[in-house]
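[1] Please work out how this folds:
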Amino acid sequence: MSRFLSLAPLLVAACSSGSSSGGAPVGSPCERSSDCADDCMVPGDSYPGGLCSRWCGDDGACPVGSRCLTVGDDILCFAECASAGDCREGWGCGADGACVPCSLAPAACEPPDDADAEVDGDDAIDVEDETPGPDADADADADPDSDADSPAEADAEAGADADGGLRANGEPCTASSECRSHVCLPPSLGGVCAAGCTPRDACAYGYECTPFAVDTDGNGRTDTVSFGCFDWVTVDRQDGLACASADDCRSRLCLGGICTRTCEDDLDCVMLSVCRSQSLPLDDGTGTYSACVLEAVGTGETRLLEQPPQVLATGTMGRIGELWLPPGAVSLLVLGRQRSARGGWVGMYEVYDPTSTKIYSYSDFVDGLDPPNWHMPDSRLGSFFTPNSNRVTLRSGRYTWTPIFFPPTEAESFSDTIDFMAYVKFDPAGAVAGRLAVNLFFVGTTVDAASAPTSTRFQNALREWESIYAAAGITVSDYTYSDVADPAATTYRVVDYADDIDSGEVGPLMALSAGRTEQAVNVFFVHDFSGWGLLGIAGGIPGPPWVHGTTHSAVIVNLDGAWDWGGDFIGQVIAHEVGHFLGLFHSTENPDSTGYPYGGDPIADTWEGDSGNLMYWMASGGRTLSTNQSWVIRRYPGVRVP
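    Residues are numbered from 1 along each chain as shown. Here you go, the predicted structure:
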């Protein structure tokens, strides 16, 4: 099942769905995709201040007011312009009529060739006409009460407004009456005039709507709460990231250990966060404002949260996904699933936790650099699960992930809609125990749905599986028994195996779980696999929780091939394959594997060569799971809280 994909086809430019998310339009500055209606080319030397844009290499289509251009190695939408004045600093109006970065298109930022020549042409300045005549000084001297300002007076009025001497935003102030906006931020927020705002009247990019105490009656004591646009700097942390104090955050709001933002109701907050009233100390009493805080989840449950679908072209990365995890969450699983019949490889490129730590990198993983969390893209449906090693600490706050989509072969190129779903498991007890329900399917085997419940050998196999998992804190129970009827039973009695789960008969057999609704793992028992002596296969590491009817929705066990080895052996094979489905890699990998850079799993308390471990690569009688392997599978979202 292992397969590594080349990074060579990946384009650094993000590819998004064509739908608008309500963010900033093409050409706007940005720092992450959620700032934009489409995607964000992050700030750097190539794109100063960042660029809201979208990949347009497939069809050249761009939103109104922008056009598709090839700049450097990227094919993106750029905002249209008529002159350099339409573009922001570090950008110029190119020959194609769009704002492009000076770093990638320096010609767009060069002054016109005739800029210096104009002084000699018809439009040259008439120096004589513009030079004050002899009467100019005389007029000034003749009027001692002239309104002409002294240098000192001119400096004093440099920040003054023509209609009353009020100061512009960004200028120092001590009271709101000094500012054109009538908003003066306190010294803790810079002590400058600022634009006013409300949670839904957003500030310009680079500013955050922040509450502060204000003195409204001029007695020198704060008595109410006001809101102003605070000018953050890049090093300040974004909403959802971990913080120790308000000074860490762009919003200057650190609540529950994460940076957050103001709101009016729950619609202003992201999934798993809610809008709640907060207190702000005043000199006279206590003021209030509302801010997004992480939801309090006090029960053991798994939440299924739909994420926006994306249209991805093969060989590209998608729009960054985001979710804030509340306290009590013990795991996160993000599943991407193609809609079309032509399968590509779906997975994640990078994943970051609330401390901005990269817990997974595809390039690091395939290069053998052993990221703390492991993940492999898979055909048509890919699942990223964290934590799948005890080297990862699940934290409260914002997780972000970047999807990737590979073609099945390097010669192919196409686009498809990918549906994304996030599973967040909560367990107030800390996932010390769990329950696993199972659907059993029999495909032309020695026992069937009618005889298996009374078959001593088969029931011994289940007892062995139950015993192994009980030692890990998981109760296996709630079995259902079903037969796969002909003609499917005849077709899949001997399964034609292929390396790609969408080739051969492995995937189609797993898809026969369609129609089931139980929160359970599906296990198909077959007579044999074609080819070499395969004992079992899992639909993924991990498989999709409670998703039935896909080519990844089950594990398959070679029941008749293992039958003569006895019930305990069969039980160990079942436990091993379901272990993969719950998120475990081989504790020791096949030494003859080619192209695989690891000798074992990412878990600290397993060791290579331990044939007694359940997850040893070949059947050798291993039946033990380490403390940390058990810790991982109890966190799988499909393992229910007792």
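[2] now the stretch 51-200 of the chain, which segments are flagged as low pLDDT?
    112-164 (pLDDT under 70).
[3] all helices for it, in order.
    If DSSP state H, counting those that start in this stretch is used as the criterion, the helices of the stretch 51-200 of the chain fall at 127-130, 134-142, 151-156.
[4] Let me see the ranges of the helices in this protein.
    Here the chain has its helices, by DSSP state H, at 127-130, 134-142, 151-156, 362-366, 456-470, 488-492, 506-510, 559-563, 567-581, 627-633.
[5] Switch those helices over to JSON lines; also include mean neighbour count and distance to Tyr47.
    Every residue, glycine included, has its C-beta placed from N, CA and C. Listed next are the helices of the chain as JSON lines, based on neighbours: other C-beta atoms under 10 Å; distance: least, C-beta to C-beta, whole Å:
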{"stretch": "helix 127-130", "mean neighbour count": "7", "distance to Tyr47": "42"}
{"stretch": "helix 134-142", "mean neighbour count": "10", "distance to Tyr47": "50"}
{"stretch": "helix 151-156", "mean neighbour count": "9", "distance to Tyr47": "38"}
{"stretch": "helix 362-366", "mean neighbour count": "18", "distance to Tyr47": "21"}
{"stretch": "helix 456-470", "mean neighbour count": "19", "distance to Tyr47": "51"}
{"stretch": "helix 488-492", "mean neighbour count": "17", "distance to Tyr47": "52"}
{"stretch": "helix 506-510", "mean neighbour count": "23", "distance to Tyr47": "41"}
{"stretch": "helix 559-563", "mean neighbour count": "21", "distance to Tyr47": "57"}
{"stretch": "helix 567-581", "mean neighbour count": "24", "distance to Tyr47": "41"}
{"stretch": "helix 627-633", "mean neighbour count": "22", "distance to Tyr47": "39"}
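[6] so which of the ones you listed gets nearest Val270?
    helix 362-366 (25.2 Å; C-beta to C-beta).
[7] So which elements touch that closest one?
    Judged by 3 or more C-beta pairs under 8 Å, 6 or more residues apart in numbering; DSSP states H and E, helix 362-366 is in contact with strand 345-352.
[8] Residues contacting the strand it packs on, please?
    The contact list for strand 345-352, computed with C-beta atoms under 8 Å, 6 or more residues apart in numbering, reads 3, 5, 10, 317, 334, 336-338, 358-363, 373, 375-382, 384, 386, 399-408, 418.
[9] quick one: the strands in the stretch 451-600 of the chain?
    Applying DSSP state E, counting those that start in this stretch to the stretch 451-600 of the chain gives strands spanning 474-483, 494-495, 520-526, 528-529, 536-538, 555-558.
[10] got a markdown table for those, with distance to Glu577 and mean neighbour count too?
    Converted to a markdown table, the strands of the stretch 451-600 of the chain look like this (distance: least, C-beta to C-beta, whole Å; neighbours: other C-beta atoms under 10 Å):
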| stretch | distance to Glu577 | mean neighbour count |
| --- | --- | --- |
| strand 474-483 | 13 | 16 |
| strand 494-495 | 13 | 21 |
| strand 520-526 | 8 | 25 |
| strand 528-529 | 12 | 18 |
| strand 536-538 | 4 | 23 |
| strand 555-558 | 4 | 25 |
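[11] Among the ones you listed, which comes closest to Gly638?
    strand 520-526 (6.4 Å).
[12] Does Phe227 touch Cys197 like I think?
    Yes - Phe227 is within contact range of Cys197, at 5.1 Å (criterion: C-beta atoms under 8 Å).
[13] Quick check: neighbours shared by those two?
    Contact with both Phe227 and Cys197 is made by residues Cys209, according to C-beta under 8 Å, 6+ apart.
[14] Restrict stretch 345-365 to CA atoms and write it as PDB.
    C-alpha atoms of stretch 345-365 as PDB (Å, rounded to 0.1, in the frame of the first residue of the first chain):
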ATOM      1  CA  TRP A 345      -3.800  10.900  -5.000                       C
ATOM      2  CA  VAL A 346      -5.200  13.100  -2.200                       C
ATOM      3  CA  GLY A 347      -3.300  14.200   0.900                       C
ATOM      4  CA  MET A 348      -1.800  17.000   2.800                       C
ATOM      5  CA  TYR A 349       1.400  18.900   2.000                       C
ATOM      6  CA  GLU A 350       1.900  20.700   5.400                       C
ATOM      7  CA  VAL A 351       0.200  20.900   8.700                       C
ATOM      8  CA  TYR A 352       0.800  23.500  11.500                       C
ATOM      9  CA  ASP A 353      -0.400  23.600  15.100                       C
ATOM     10  CA  PRO A 354      -1.400  26.600  17.200                       C
ATOM     11  CA  THR A 355       2.200  27.300  18.100                       C
ATOM     12  CA  SER A 356       3.100  27.600  14.400                       C
ATOM     13  CA  THR A 357       5.000  24.400  14.700                       C
ATOM     14  CA  LYS A 358       5.100  22.300  11.500                       C
ATOM     15  CA  ILE A 359       3.900  18.900  12.700                       C
ATOM     16  CA  TYR A 360       3.900  17.400   9.200                       C
ATOM     17  CA  SER A 361       5.600  18.100   5.900                       C
ATOM     18  CA  TYR A 362       5.200  15.800   2.900                       C
ATOM     19  CA  SER A 363       8.600  16.700   1.500                       C
ATOM     20  CA  ASP A 364      10.200  15.900   4.900                       C
ATOM     21  CA  PHE A 365       8.300  12.700   5.200                       C
END
